[in-house]
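**Student:** heads up, no residue letters with this:
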């Protein structure tokens, strides 16, 4: 998930660290101070101190621990966003079921993303993966903050930029000036499968889309690849089932795909589809990461295009990088349909922006309009 480095003259991304461990704050500060274009402007030990610091300092991104004395992260989160609704908050969480559950609840409350917390200070200080993920997320969210992109939260205000869609009754308005997006006509045949790819900000977007598409509203199976580690995808499935009523769970290698079900790629596995006789079967593999990710969206989409041909509907939601764009090209080459979330409602317009600007999309929509669009196309006979 490569993120552009800043130009020398660019204003730095201002970061606040909130963690009750002075050792952790010191190690993270040392990591970030070695990065061009990132400046740690505050380092505090609990949520109450974070609120006071935000009143005094201009801050773009907050790294927020969950368990702290005086005021914990979940209590501080809505108060921080009340002071600055555009603030980007990354929750720092342990790689446990409890940590995953709390992180997903935080994202439903408005946090932009999460980062798994290393289990030891040695891992924290020397872990290249942690440093790469932390810096990448700070750069992506900081750039989105400075560009004025605003996250769409469940129950929050609608996106301010208009959608463009051939199916929309409104007059299309370009959303990506100066180069207007090129849209394709969607496939006239109804889809036999719906595939969704997402990353940063994806859990919140998935809750909104599937929370609108309640269980039973479409007959097709739904496959989801969300960039997440193992454990987190287990909890993601539980949260989706809770908000939507769908039977959502992690995919199992070798199971036959059935309609009316939601299958989620487990963390650390690519999820692909194979044809076996008259059945479509899910397969999980540990092939090398693609676009620095496993699970990745591209292998899922390539396999679906090969198995289902033109009867595929794909949706690319918010996320860093460009995963899903090449897979989307395979879907379009087979005659299927691709849509993407628009810039204004994305936490980061990386993945959907790559698909939109590649000219493979039939519609680029605000988050609240995606579920109705999918249901309309899925209802065709």
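**Tutor:** Alright, I've got the coordinates. As the structure is a computational prediction, the values presented were derived from the model and not from experiment. Residues are numbered from 1 along each chain as shown.
**Student:** so how far is stretch 80-90 off the chain centroid?
**Tutor:** Centroid displacement of stretch 80-90 relative to its chain, using Cα atoms, centre = their mean, to the nearest Å, is 18 Å.
**Student:** just stretch 268-288 next, same as before
**Tutor:** Its chain's C-alpha centre and that of stretch 268-288 lie 22 Å apart, by Cα atoms, centre = their mean.
**Student:** tell me the buried residues in that stretch?
**Tutor:** In terms of neighbour count (16 or more other Cβ atoms under 10 Å), stretch 268-288 has its buried residues at 269, 270, 271, 272, 273, 280, 281, 282, 283, 284. C-beta: built from backbone N, CA, C; applies to glycine.
**Student:** got a list of contacts for the helix or strand hosting the last one?
**Tutor:** Right, residue 284. Here residue 284, judged by DSSP states H and E, is contained in strand 279-285. Here strand 279-285 makes contact (Cβ atoms under 8 Å, 6 or more residues apart in numbering) with 193, 251-257, 263, 265-266, 269-275, 307-308.
**Student:** what pLDDT, on average, does that strand get?
**Tutor:** Averaging pLDDT along strand 279-285 gives 97.
**Student:** which helices and strands sit right next to the helix or strand just after that strand?
**Tutor:** In the C-terminal direction, the helix or strand that comes right after strand 279-285 (DSSP H and E) is helix 297-308. Helices and strands touching helix 297-308, by 3 or more Cβ pairs under 8 Å, 6 or more residues apart in numbering; DSSP states H and E, are strand 193-198, strand 222-226, strand 270-276, strand 312-316, helix 325-333.
**Student:** try 6 Å
**Tutor:** strand 193-198, strand 270-276, helix 325-333 (3 or more Cβ pairs under 6 Å, 6 or more residues apart in numbering; DSSP states H and E).
**Student:** could you dump those to CSV with distance to residue 140?
**Tutor:** As requested, the helices and strands packed on helix 297-308 are arranged in CSV below (distance: least, Cβ to Cβ, whole Å):
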stretch, distance to residue 140
strand 193-198, 14
strand 270-276, 23
helix 325-333, 16
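**Student:** tell me which of those lies nearest to residue 52.
**Tutor:** Residue 52 lies closest, by Cβ to Cβ, to one member of the helices and strands packed on helix 297-308: strand 193-198, at 34.8 Å.
**Student:** quick one: the closest one to chain centroid distance?
**Tutor:** Using Cα atoms, centre = their mean, the offset of strand 193-198 from its chain centre is 12 Å.
**Student:** can you give me the angle that strand makes with strand 222-226?
**Tutor:** Computed by axes from the mean of the first three to the mean of the last three Cα atoms, to 10 degrees, the angle separating strand 193-198 from strand 222-226 equals 20 degrees.
**Student:** immediately after strand 193-198, which helix or strand?
**Tutor:** According to DSSP H and E, the helix or strand after strand 193-198 is helix 202-212.
**Student:** now that following helix: average pLDDT?
**Tutor:** Here the average pLDDT along helix 202-212 is 95.
**Student:** who touches it?
**Tutor:** With contacts defined as Cβ atoms under 6 Å, 6 or more residues apart in numbering, helix 202-212 is touched by 104, 107, 154, 198, 226, 240, 243-244, 317-319, 367, 370-371.
**Student:** buried subset of these?
**Tutor:** 104, 107, 154, 198, 226, 240, 243-244, 317-319, 367, 370-371.
**Student:** let me have these in CSV, adding secondary structure, distance to residue 214 and pLDDT as columns.
**Tutor:** Putting these into CSV (DSSP: H, G, I helix; E, B strand; the rest coil; distance: Cβ to Cβ, whole Å; pLDDT from 0 to 100) gives the following:
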residue, secondary structure, distance to residue 214, pLDDT
104, helix, 19, 90
107, helix, 21, 91
154, coil, 14, 37
198, strand, 19, 97
226, strand, 20, 97
240, helix, 12, 94
243, helix, 9, 91
244, helix, 6, 92
317, coil, 18, 98
318, coil, 22, 96
319, strand, 24, 94
367, helix, 17, 97
370, helix, 14, 97
371, helix, 9, 96
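**Student:** could you dump those to JSON lines with distance to residue 293?
**Tutor:** Output for the buried ones among the contacts of helix 202-212, formatted as JSON lines (distance: Cβ to Cβ, whole Å):
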{"residue": "104", "distance to residue 293": "19"}
{"residue": "107", "distance to residue 293": "18"}
{"residue": "154", "distance to residue 293": "25"}
{"residue": "198", "distance to residue 293": "11"}
{"residue": "226", "distance to residue 293": "10"}
{"residue": "240", "distance to residue 293": "20"}
{"residue": "243", "distance to residue 293": "24"}
{"residue": "244", "distance to residue 293": "24"}
{"residue": "317", "distance to residue 293": "14"}
{"residue": "318", "distance to residue 293": "15"}
{"residue": "319", "distance to residue 293": "10"}
{"residue": "367", "distance to residue 293": "22"}
{"residue": "370", "distance to residue 293": "22"}
{"residue": "371", "distance to residue 293": "25"}
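**Student:** between these, which sits nearest residue 85?
**Tutor:** Of the buried ones among the contacts of helix 202-212, the one sitting nearest to residue 85 (Cβ to Cβ) turns out to be residue 154, at 14.5 Å.
**Student:** what segments of the protein are helices?
**Tutor:** In the chain, the helices defined using DSSP state H lie at 22-33, 47-56, 73-83, 97-108, 121-126, 128-147, 202-212, 232-244, 297-308, 325-333, 351-357, 367-378.
**Student:** out of the ones you listed, flag the one nearest residue 90.
**Tutor:** That would be, of those and by Cβ to Cβ, helix 128-147, which comes in at 5.8 Å.
**Student:** residue 36: which of the contacts of helix 202-212 is nearest?
**Tutor:** Ranked by distance to residue 36 (Cβ to Cβ), the contacts of helix 202-212 are led by residue 319 at 24.0 Å.
**Student:** run through the stretch 51-200 of the chain and note the low-pLDDT ranges.
**Tutor:** Along the stretch 51-200 of the chain, segments meeting pLDDT under 70 span 119-128, 148-179.
**Student:** follow-up on the earlier one: angle of the strand holding residue 284 against strand 270-276?
**Tutor:** On the basis of the same axes, to 10 degrees, strand 279-285 is oriented at 150 degrees to strand 270-276.
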